[in-house]
Each structure stands twice: as structure tokens, then as C-alpha cells.
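Peer 1: Coordinates only, no sequence provided:
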């Protein structure tokens with residue numbers, strides 16, 4: 001499969017099923033709000049190194065978490081009983097995204113560049129990007145951010161300031177999404193950590209059907 005080159009002056013993408021086997025669909029374009037929304041509503045997302053051109057991905061087998069299936073281990077149940085935990089939505093989106101960047105840079109490198117931070121802050125200001133933070137006994141413990149469209153949530157990254165911070169944030173997110181009838185959390189790529197919390201693969205056909213149904217609902221305001 002060829003990798004399609006996008007025109008910065010035209011907000012469009014090739015059909016998602018034209019992605020390569022590894023999920024890479026296109027290169028180039030920009031990170032405008034309009035292009036990002038078009039991408040996410042068709043199962044496409046940007047992921048690239050800071051010095052690369054923008055790469056757009058659409059894996060054929062999708063790794064998702066269904067909110068009502070979030071797995072809470074016994075150790076996490078004990079942790080939740082031991083501490084006073086508080087969930088805060090959109091405390092400081094820019095700070096949460098930057099903390100995700102710093103933690104990843106320190107541990108293993110990151111795709112979150114200045115350009116990405118600016119782009120997702122614009123999405124947030126337009127009501128589509130969301131942050132969630134967890135406080136443990138009054139102290140910031142962790143958080144996450146992602147994109148919310150209709151009844152679909154597209155997870156981007158998480159951070160922990162304390163042990164279990166990101167796990168607690170994901171569990172809290174799943175509970176909020178389940179209460180508001182969201183269909184799935186798109187994890188984008190597989191990790192053992194997300195699998196341990198309930199993540200699983202679904203086919204592109206199943207994902208595409210759920211995506212079409214979910215993004216068509218514009219009246220939900222969980223965030």
C-alpha cells in the first residue's frame with residue numbers, strides 16, 4: 001500500500017481502509033482543528049516524532065477499552081479504600097498534557113512536541129480535548145488527556161506523579177464514560193498495561209460501525 005501525501009491546503013484523507021498493514025495511512029498536512037476532527041471521526045490519528053513530518057495512522061485491528069469492562073485489580077481496590085481520591089475534569093489541560101510529555105520524555109521518549117501541545121490545546125478550547133486529574137489525599141497523583149467526540153473517547157496519554165496515579169485516572173474516566181453511555185475508549189495501540197485494565201482488540205468493521213454511531217451523537221456533554 002502507498003503512503004498518501006496530504007495537501008496542507010485541502011482538509012481531506014484517503015479512505016481509512018487504504019492504510020498499510022502497520023496502520024500508516026498518510027503523511028503531511030497540518031494539525032488544524034478541522035483536520036484533527038476529520039481524522040478522529042474516521043478513526044485516524046497523528047503520531048510522529050518531533051523532527052518528522054506529520055504521520056497519520058489508522059490500524060485495521062483496533063485496541064479499545066469498553067468503559068463498563070474496565071478491570072479493577074484487588075490491589076487497586078485496596079488502594080482506593082486506603083486513600084481519599086478526588087477526580088477533577090479539565091483542571092488545567094495544558095499542564096496535564098505537558099506532564100504527560102515530560103514523564104514520557106524522561107522514561108522512553110515522546111511524540112508530544114510543542115506543535116502537538118499547541119494543536120490539542122486548540123482542540124480543548126473548542127470543546128473536543130479533555131483532561132482528567134486525580135488527587136490522592138489532596139495531592140496531584142496522576143492524570144490523562146484525550147479527545148471526546150459524541151459518545152467516543154480517544155485516549156492520548158497518561159502520567160503519574162504517585163504510584164497508581166495513571167491507573168486511577170483511567171478507572172475514573174471509564175466510570176464517567178460508562179455513566180454517560182460512551183461506546184469505547186480508543187487506545188490506538190496495544191500495550192500490556194492497557195490490556196491488564198480491560199483493553200482488547202476488535203475488528204475494523206466492528207470499530208467503524210461503532211465509530212459511525214458514536215460520533216453522530218453531538219448532544220452528550222459528559223465533559
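Peer 2: Right, received. Where do you want to start? Note that this is a predicted model, so its numbers are computed, not measured. Numbering: from 1, shown residues only.

Peer 1: what comes into contact with the strand or helix carrying residue 101?
Peer 2: For residue 101, the host element (DSSP states H and E) is helix 93-107. Where contact means CB atoms under 8 Å, 6 or more residues apart in numbering, the residues beyond helix 93-107 that reach it are 110, 112, 117, 120-121, 124, 129-133, 143-145, 156-161. No exception for glycine: its C-beta is placed from N, CA and C like everyone else's.

Peer 1: One more pass at 10 Å, please.
Peer 2: Contacts to helix 93-107, defined as CB atoms under 10 Å, 6 or more residues apart in numbering, come from residues 50, 88, 90, 92, 110-114, 116-118, 120-121, 123-125, 129-133, 140, 142-145, 156-161, 165-166, 169.

Peer 1: out of those, which are inside helices?
Peer 2: Within the contacts of helix 93-107, residues falling in helices by DSSP state H are 114, 116, 117, 118, 120, 121, 123, 124, 125, 165, 166, 169.

Peer 1: So the third one versus residue 99, what's the distance?
Peer 2: Translated: residue 117. 11 Å (CB to CB, to the nearest Å).

Peer 1: So between those two, which is more surrounded?
Peer 2: residue 99 (23 against 16; other CB atoms under 10 Å).

Peer 1: what pLDDT does that one get?
Peer 2: Residue 99 carries a pLDDT score of 94 in this model.

Peer 1: Go through the helix or strand of the chain with the lowest mean pLDDT and flag the buried ones.
Peer 2: Sorting the helices and strands of the chain by mean pLDDT, DSSP states H and E puts helix 93-107 at the bottom, at a mean of 82. Buried residues in helix 93-107, counting neighbours by 16 or more other CB atoms under 10 Å, are found at 93, 96, 97, 99, 100, 101, 103, 104.

Peer 1: OK, contacts around the residue sitting nearest the centre point of the chain?
Peer 2: Closest to where the C-alpha atoms of the chain average out (CA atoms, centre = their mean) is residue 155, at 1.4 Å. Contact analysis of residue 155 by CB under 10 Å, 6+ apart lists 64-65, 144-147, 170, 173, 184-188, 194, 199.

Peer 1: residues touching the residue lying closest to residue 60 once chain neighbours are set aside, list them.
Peer 2: Using CB to CB, 6 or more residues apart in numbering and skipping the chain neighbours, the partner closest in space to residue 60 is residue 204 (4.7 Å). By CB under 10 Å, 6+ apart, the contact set of residue 204 is 16, 17, 19, 43, 58, 59, 60, 61, 62, 211.

Peer 1: any chance of the residues you listed in TSV, plus distance to residue 4?
Peer 2: Converted to TSV, these look like this (distance: CB to CB, whole Å):
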residue	distance to residue 4
16	11
17	12
19	9
43	15
58	11
59	16
60	16
61	21
62	20
211	20
